[in-house]
Each structure stands twice: as C-alpha cells, then as structure tokens.
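A.B. asks: fold the following.
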Amino acid sequence: MSDQKKEPIHKSFGYAFEGIYTCIKKERNMRIHCVMAVFVVIAGIILGISVTEWCICLVLFGLIMALEMVNTAVEAVVDLVTQERKPLAKIAKDTAAGAVLIAAIMSAIIGCIIFVPKGLVFLGIL
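C.D. replies: Residues are numbered from 1 along each chain as shown. Next comes the predicted model:
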C-alpha cells in the first residue's frame, strides 16, 4: 500500500472532465460521435422512442465515446513511447481504432432497427 495521500475526489473528477474536453476539442472522430448523438436525441424526441430504446441509445453513446477516448489514450501513449514505425505500435493503434469502428457499426445497425420502422410510420409510408 502506498503512503501517498490521494488527491480530493473533486480533483479526480476535474482531471476526467479535462480529458473529455480535450478529446472533444482535439479529436475529429469524437466530435463526429457527439454530433451523431445530438441527431439521435433529436430523432428520438421527434419519433417518441420508448424508455428502453432511450436506455439502449444512451448505453451506445457511452460505449462509443468511451472507446474513442481509450483509442485516443492508446495513440497518445504509443506516440509518447516511439515515433518510429514499429509493428507492435501499429497493432496497438489499429486494434484500438478497430474497437471503436466495431462499436460504431453495431450502433448504426441498432439505430436502424430502432429508428427506421418509426421513421417510416412518421412519414406515412407504413
């Protein structure tokens, strides 16, 4: 056990919020995820999705944004350790990016399952 005294909890939250802000400010893909989340919220309000569907959307927002932040952290650490092109560095960066991509694709599919039928009804097509 360490003898170091931990910082107050509010400082830990401050660092976390600073990390979120930095990721949104510096990472284009994070901004895209945020814009898409806003569009989903607007569509959800207009189409009147259920509480369960809102919960699914919120979990997916959190999953994608958290993975994007982990991806950013992996890239930053790899870049800190080496600027050379190394096979292991490429694997680390590519797999972290792949994790975000898988989550985004699955979220888009789930979004279509939730929103397409409601959108068709809203437009009077069904």
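
A.B. asks: got the contact list for Asn29?
C.D. replies: By C-beta atoms under 8 Å, 6 or more residues apart in numbering, Asn29 lies in contact with Glu68, Val100. All C-beta atoms are positioned from the backbone trio N, CA, C, and that covers glycine.

A.B. asks: can you pull the phi/psi pair for it?
C.D. replies: phi -60, psi -30 (degrees, to the nearest 10).

A.B. asks: what does Asp79 give?
C.D. replies: According to degrees, to the nearest 10, Asp79 has phi -70, psi -30.

A.B. asks: quick one: it from Val100, how far?
C.D. replies: Taking C-beta to C-beta, to the nearest Å as the measure, Asp79 falls 17 Å from Val100.

A.B. asks: just checking, what packs against the helix or strand Thr22 falls within?
C.D. replies: In the assignment (DSSP states H and E), Thr22 maps to helix 9-26. Packing contacts for helix 9-26, counted by 3 or more C-beta pairs under 8 Å, 6 or more residues apart in numbering; DSSP states H and E, involve helix 28-47, helix 51-81.

A.B. asks: for those, give me JSON lines that also has distance to Val121.
C.D. replies: Shown next, in JSON lines, are the helices and strands packed on helix 9-26 (distance: least, C-beta to C-beta, whole Å):
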{"stretch": "helix 28-47", "distance to Val121": "8"}
{"stretch": "helix 51-81", "distance to Val121": "14"}
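
A.B. asks: all set now, cheers.
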